[in-house]
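Colleague: Kindly return the folded structure for what I paste below:
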Amino acid sequence: MSSIIDDELLCAIDLGSNSFHMAIAYVKDGELKKIASMSEKVQLGAGLDEQGHLSADAQERGLACLSRFMGRLDNVAGERLRVVATNTLRQATNSDEFIAKANQILPCPIEVISGREEARLIYLGVANTNPSDELRFVIDIGGGSTELIIGQGGQSLLTESAQMGAVSFTQKFFKDGVINDEAFGHAMRSAKKEMAQHIKRYQKMGFERVIGSSGTIKAVLGALTGLGLIKHGLITKGAVLALKQHLMDAGHIEHIDLQGVKAHRKAIFPAGVAILLAVMEAFGVKAMSYSDGALREGVMYDMLSRFDSNDARDGGVMKLIDKFNVDKKQAKRVAKTARLLFDVAQEPLGLNQNDHDLLRRSALLHEIGMSIGHSSYHRHSAYILEFGEIAGFSQMEQTRLAGMVRYHRRKITANDHKALMSISTDRMTKLALLLRLAVAIHHTRTDIQKSNIKFTLHSPTHWVLDMQKEKLFTGLVDEIDNFLSWGVTLDVLSR
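Modeller: Predicted coordinates for the structure are as follows:
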């Protein structure tokens, strides 16, 4: 993959539970220089009902915001834009409905990312904005979730996403707008309960410095500055306790009058302060600084690394291979032959680099389920890939990896073809067939000379595999019927 060139624009859009944010930057000497940003309070999370259904009004607010964002993107190429969605669209039962509408507006698809992937990207943004070799604890309080990360240098070491956010906790504990000790007590106890399972691991690793990022921490910093409670740029636990008392003295969100707390944030500010206090008490944090870099910056630095062939997704793949003790020699054999088949099929099938990356990663990971059981390992592999958390991947990317791996062996039917089409396009079904061929060719788990594999496409739906100087095995011939069920005529020859 070619490296991104200087002065080209990158853009990241973050569909948060409280606000939608957009940042545009250009690249200079490998560094990002932000030139524009937009932020709108959408409160998508407030549109979730108790059944997890996202209301039509909330969807309309989000779509209108994205339409306005698009007016600023004339000079940004589609491949240099990433749109990530966080907690609300992870939780919403009808998120597909909103995403389908939003994708008609956007020049690239929305990536719904897991909580841990969100945490990884947040740390990446903080680390690149505040370079240091210290062991750091990063706290990011969002609208629907709070990300807790310990990292060193540019590497996150512990990542967790707790189900507590300023919007969701406002609805639970401050819905009537009243601010009192009872509401704070309930909110803080709930937050500590949510974090309880993580405390020992974080304390065992330890940290030298604490950094807060995103809207809630920024608002707290502004409020404490206005109250004269900031010293040396640090947010101390004592200052946050004083801020809590100030809020209780106000008694109601309508009476909040604090520097740095904008009108649209007043309603969710007490809940954010309660979560911050709970985190500080639970993890023994006495003081913390603020970072202006967070998720959006992390997304852009991650995008930059992809252009520089340092893709975090490949690191995630290798960690899975090691974790599940995959036969690396076989994985590499299959991946190498899959590349050979891809090179032949690329032009006739209209495949691109992203398609090859999907095929390559699927080939490397197709046997990870063997650590669970051999007879149905393709199903085990698919389950791990779909429901595990893999660094760098969005939920849809993992779903597609799982789909590729799920159908790489055993009988496949027309219904299986429909199932795979439901999560992608016909190109992906052809990639899945290429993977099946590569796996079948290496059924003996031995190397085969590249010159002995002759693959041609007479048309997109008529493929010929000639295994020259190689003895055919029954399973490879059986693929003829399997391929036909997916609309491809396969001729298998041996000379």
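Colleague: quick one: contacts for the most centrally placed residue in the chain?
Modeller: By CA atoms, centre = their mean, the mean C-alpha position of the chain lies nearest to Ile113, the distance being 2.8 Å. Contacts of Ile113 were listed using CB atoms under 8 Å, 6 or more residues apart in numbering, and they are 84-86, 90, 121, 394-395. All C-beta spots, glycine's among them, are computed from the backbone N, C-alpha and C.
Colleague: of those, closest to Trp463?
Modeller: Taking CB to CB as the measure, Trp463 lies nearest Ser394 of the contacts of Ile113, at 30.7 Å.
Colleague: is it true that the closest one touches Cys108?
Modeller: No: applying CB atoms under 8 Å as the test, Ser394 and Cys108 come out as separate, 11.4 Å apart.
Colleague: who's more crowded, the two?
Modeller: Ser394 (20 against 16; other CB atoms under 10 Å).
Colleague: follow-up on the earlier one: backbone dihedrals for the residue nearest to the centre of the chain, please?
Modeller: Per-residue torsions, Ile113: phi -110, psi 150 (degrees, to the nearest 10).
Colleague: Could you do Ile24 as well?
Modeller: Per-residue torsions, Ile24: phi -120, psi 130 (degrees, to the nearest 10).
Colleague: Give me the nearest residue to it, chain neighbours excluded.
Modeller: Of all residues not flanking Ile24 in the chain, Ala36 sits nearest, at 4.3 Å (CB to CB, 6 or more residues apart in numbering).
Colleague: Show me what Leu81 is bridged to.
Modeller: Beta-bridge pairing for Leu81 (DSSP bridges): Cys11.
Colleague: That one reaches Leu73, doesn't it?
Modeller: Yes: assessed by CB under 8 Å, Leu81 is found in contact with Leu73 at 6.8 Å.
Colleague: between these two, which one's more packed in?
Modeller: Leu81 (21 against 18).
Colleague: Distance check, the more buried one against Val334.
Modeller: 33 Å (CB to CB, to the nearest Å).
Colleague: now Leu54: how far from Glu60?
Modeller: Distance from Leu54 to Glu60, by CB to CB: 11 Å.
Colleague: ugh, wrong one, Ala242
Modeller: Using CB to CB, we find Ala242 at a distance of 40 Å from Glu60.
Colleague: Ok, Val76 next?
Modeller: As judged by CB to CB, Val76 and Glu60 stand 25 Å apart.
Colleague: what element comes up after the top helix by length along the chain heading to the C-terminus?
Modeller: If you go by DSSP state H, the chain has its longest helix at helix 328-349. Toward the C-terminal end, the helix or strand that comes next after helix 328-349 (DSSP states H and E) is helix 353-365.
Colleague: Leu54 and Glu60: which has the busier surroundings?
Modeller: Leu54 (22 against 14).
Colleague: ok, now which ones touch the nearest residue to that one once chain neighbours are set aside?
Modeller: The shortest distance from Leu54 to any non-neighbouring residue, by CB to CB, 6+ apart, is to Ala92 (4.2 Å). Shown in contact with Ala92 (CB under 8 Å, 6+ apart): 48, 52-54, 98.
Colleague: now Asp311
Modeller: Per CB under 8 Å, 6+ apart, neighbours of Asp311: 305, 392.
Colleague: picking that back up, and the two most separated of the contacts of Ala92?
Modeller: Largest separation among these by CB to CB: Gly52 and Phe98, giving 12.7 Å.
Colleague: Now stretch 473-482: average pLDDT?
Modeller: Across stretch 473-482, pLDDT averages out at 88.
Colleague: What lies in contact with stretch 28-36?
Modeller: 6-7, 9-10, 23-27, 72, 128, 297, 300-301, 304, 308.
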